[in-house]
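Novice: no sequence on hand, only this structure:
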């Protein structure tokens, strides 16, 4: 892609998200979401592969539907309450429609069906943008309007997302689909605690972005899109393979890695809110996610590539790609747990 075109598209992505962050009017927020969607469409279809075009079409139709429902919800609230302010969403029907539309935008269950299929058709770099940056603007709107929504709706969305995100990833062989179900599960953790402790939602989002970015960058270095491709990773870069194994365990939420921090704090807060059954279900759903992460770790650390006449021998070539970003994000995704109190002070 032409560097100038790429610069315009990435700038538009930043502009759309910033516009949504800064707006207090529903039309401006909607415009920011639309700029965001239109900016990533060319990035998704840049390889002109039929699978990429299919994923782009699915993404466009899904996001256009969600944007139409958001605009309809804002109009309904303005019709009944006479206000276009984001914080003035007091009509129950408009609030429910809005949360469902925003859940569709970020891939919360049961509006998640587009997410694995779309991510599967993208390259790893664009998939990283879709899994991290594209979540920011809708989540900001959910955080601004969550206090006016029925708590049962957010709790249901959160529980369904963690359960389906765990179950859906169990039988997958494609790494991008596994990361898509991982994203659905993490979004569920963020949404379920939003009504009780919004600062924990911010913390979980930050940790998710750190860990997911490190995972996508590592897979890009290995050029791996299937589980069996991870078996050749050790011969290419042993140290990076060990780090990636720890990254996957951090995404699963195992102590003493960084990924344990948000889950630990969210379960603690749910218990404080007298919701022990909800906390128990969330903890059990995390075990489902842990299982498919352990499959990836097993493939990377305990298997070797097949050596048959029908298989292609992976050459042990040196990896010359820049790794500063990967090193920074990997370090943050592995060793931040001891400074949890300091991070909590920054988010409150």
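Specialist: Cool, the structure landed. Quick caveat, the model's predicted, so the values are computed rather than measured. Residues are numbered from 1 along each chain as shown.

Novice: part of a strand, is residue 248?
Specialist: No: per DSSP: H, G, I helix; E, B strand; the rest coil, residue 248 lies outside any strand segment and is helix.

Novice: who touches it in this structure?
Specialist: 215, 293, 296-297, 300 (C-beta atoms under 8 Å, 6 or more residues apart in numbering). In short, each C-beta sits where N, CA and C put it, glycine included.

Novice: residue 224 too?
Specialist: By C-beta under 8 Å, 6+ apart, the contact set of residue 224 is 175, 230, 233.

Novice: do residue 83 as well
Specialist: 77, 90.

Novice: ok, longest helix in this protein?
Specialist: Ranked by number of residues, the top helix in the chain under DSSP state H is helix 50-81.

Novice: what is the rounded mean pLDDT of it?
Specialist: Helix 50-81 shows a mean pLDDT of 93.

Novice: now stretch 94-105
Specialist: Mean per-residue pLDDT for stretch 94-105: 94.

Novice: go on, stretch 229-248?
Specialist: 88.

Novice: can you give me the end-to-end distance of it?
Specialist: Chord length of stretch 229-248, first to last residue, is 16 Å (C-alpha to C-alpha, to the nearest Å).

Novice: before we move on, the earlier item: from the contacts of residue 248, which land in helices?
Specialist: Counting by DSSP H, the members of those that fall within helices are 215, 293, 296-297, 300.

Novice: so which of those comes closest to residue 164?
Specialist: Distances from residue 164 to these, taken as C-beta to C-beta, are shortest for residue 293 (16.3 Å).

Novice: the closest one and residue 247 touch, don't they?
Specialist: No: assessed by C-beta atoms under 8 Å, residue 293 is found out of contact with residue 247, at 9.6 Å.

Novice: and those two? Which one has more around it.
Specialist: A count of neighbours by other C-beta atoms under 10 Å puts residue 247 above the other of residue 293 and residue 247, at 30 against 23.

Novice: could you list the residues in contact with stretch 270-281?
Specialist: The contact list for stretch 270-281, computed with C-beta under 8 Å, 6+ apart, reads 155, 159, 162-163, 192-193, 196, 267, 282.

Novice: would you pull up how far that stretch lies from the middle of the chain?
Specialist: Centroid displacement of stretch 270-281 relative to its chain, using C-alpha atoms, centre = their mean, to the nearest Å, is 24 Å.

Novice: let me know the closest of the contacts of stretch 270-281 to residue 128.
Specialist: Ranked by distance to residue 128 (C-beta to C-beta), the contacts of stretch 270-281 are led by residue 162 at 22.1 Å.

Novice: how close does that closest one get to residue 339?
Specialist: Residue 162 is 26 Å from residue 339, where distance means C-beta to C-beta, to the nearest Å.

Novice: go on, residue 35?
Specialist: 36 Å.

Novice: with secondary structure and pLDDT as extra columns, can I get the contacts of stretch 270-281 in CSV?
Specialist: Shown next, in CSV, are the contacts of stretch 270-281 (DSSP: H, G, I helix; E, B strand; the rest coil; pLDDT from 0 to 100):
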residue, secondary structure, pLDDT
155, helix, 94
159, helix, 95
162, helix, 95
163, helix, 95
192, helix, 95
193, coil, 94
196, coil, 93
267, helix, 96
282, helix, 95
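
Novice: now for the residues you listed: which two are most distant?
Specialist: Among those, 163 and 196 lie farthest apart (C-beta to C-beta), at 19.6 Å.

Novice: which residue ranges of the stretch 201-348 of the chain form helices?
Specialist: 233-236, 238-252, 260-272, 276-302, 324-335, 340-347 (DSSP state H, counting those that start in this stretch).

Novice: re the thing from before, more neighbours: which of residue 35 and residue 339?
Specialist: Taking other C-beta under 10 Å, residue 35 and residue 339 do not tie; residue 35 has more neighbours (20 against 13).

Novice: list the residues that contact the nearest residue to that one once chain neighbours are set aside.
Specialist: Nearest non-adjacent residue to residue 35, counting by C-beta to C-beta, 6 or more residues apart in numbering: residue 16, 3.4 Å away. When contacts are counted by C-beta under 8 Å, 6+ apart, residue 16 touches 32-37, 39, 137.

Novice: at 6 Å what do you get?
Specialist: Going by C-beta atoms under 6 Å, 6 or more residues apart in numbering, residue 16 touches 32, 35-36.

Novice: nearest to residue 255 among those residues?
Specialist: Residue 255 lies nearest to residue 36 out of the contacts of residue 16, by C-beta to C-beta, at 35.4 Å.

Novice: count of neighbours near that closest one?
Specialist: Neighbour number of residue 36 under other C-beta under 10 Å is 26.

Novice: what pLDDT does the model give it?
Specialist: At residue 36, pLDDT is 94.

Novice: cool, residue 309 as well?
Specialist: 53.

Novice: need phi/psi at residue 85.
Specialist: Main-chain dihedrals, residue 85, degrees, to the nearest 10: phi -70, psi 140.
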